[in-house]
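J.: What follows is a predicted protein model with its sequence.
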Amino acid sequence: MTNAVIDCILSRTAAKYYDPSASLSDDQIRELVRIGTTAPTSFHLQNWRFIAVRTPEAKARLSPIAWSQPPITEAAVTFIVVGQLADSSVVPERLAPVVEAGIMPAKLIPDWEIPARGLYQDYPQRQRDEAVRTATFGAAAMIYVARSWGLGSTPMIGFDDEAVHREFGLAEDEVPVLLLSVGAERSGNWPQKPRRPVAEVLELA
């Protein structure tokens, strides 16, 4: 069984080589993030933020605190994918557009806010775990959007998180989860590497 979505997923690989002369417009960057943020988040918190490092000046700030990895300077854009600590108090605000769109009645908002408070309010580790989960979902969606556009992408965790926090003005409740470079590829990139057999990773219960 195959279709365009499956083909996109199966052909994705982490790009190493980019065409440094190719760029993405700000509108393309906005659209990439807009589609990426349709990924799921707990209680509709949408606790993420994306810093699009795209100018030579911004790339020069990021590169030395991210191990000088080539995609940062060669790809059209590198996103600092930021997760925000899960905060149940924002649930009514985040659900307001859902109510306005007629998707859910306002009376259900407490049914979401109360369990979210119980899950996160007194549990700092859960708040951070959710920040990482949310940012990762968003980044994954953007990876496949980029692939569907014929672009390469490279997720990276090699960076000084404290320096990124400081240099790019992250808030106290924000976690720089990963970097994601996106841009037009040049030749030399590997195809997708073979994965472990399903029998080794799947348990049918």
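T.: It's in.
J.: Give the helix, strand or coil label for the spatially most central residue of the chain.
T.: Nearest residue to the geometric centre of the chain (C-alpha atoms, centre = their mean): Ala139, 2.3 Å. Three-state call for Ala139 (DSSP: H, G, I helix; E, B strand; the rest coil): helix.
J.: give the contact list for it.
T.: Gly36, Phe79, Val81, Pro155, Val177, Leu178, Leu180 (C-beta atoms under 8 Å, 6 or more residues apart in numbering). C-betas here are computed from N, CA, C, even on glycine.
J.: Please indicate which of the residues you listed are buried?
T.: Buried positions within the contacts of Ala139, assessed by neighbour count (16 or more other C-beta atoms under 10 Å), are Gly36, Phe79, Val81, Pro155, Val177, Leu178, Leu180.
J.: Show the pLDDT at the closest residue to the residue nearest to the centre of the chain other than its chain neighbours.
T.: The shortest distance from Ala139 to any non-neighbouring residue, by C-beta to C-beta, 6 or more residues apart in numbering, is to Val81 (4.7 Å). pLDDT for Val81: 99.
J.: Direction included, what does the host helix or strand of Val81 pair up with?
T.: For Val81, the element it lies in under DSSP states H and E is strand 77-84. The sheet places strand 77-84 alongside strand 48-53 (antiparallel), strand 174-183 (antiparallel), with pairing taken from DSSP bridges.
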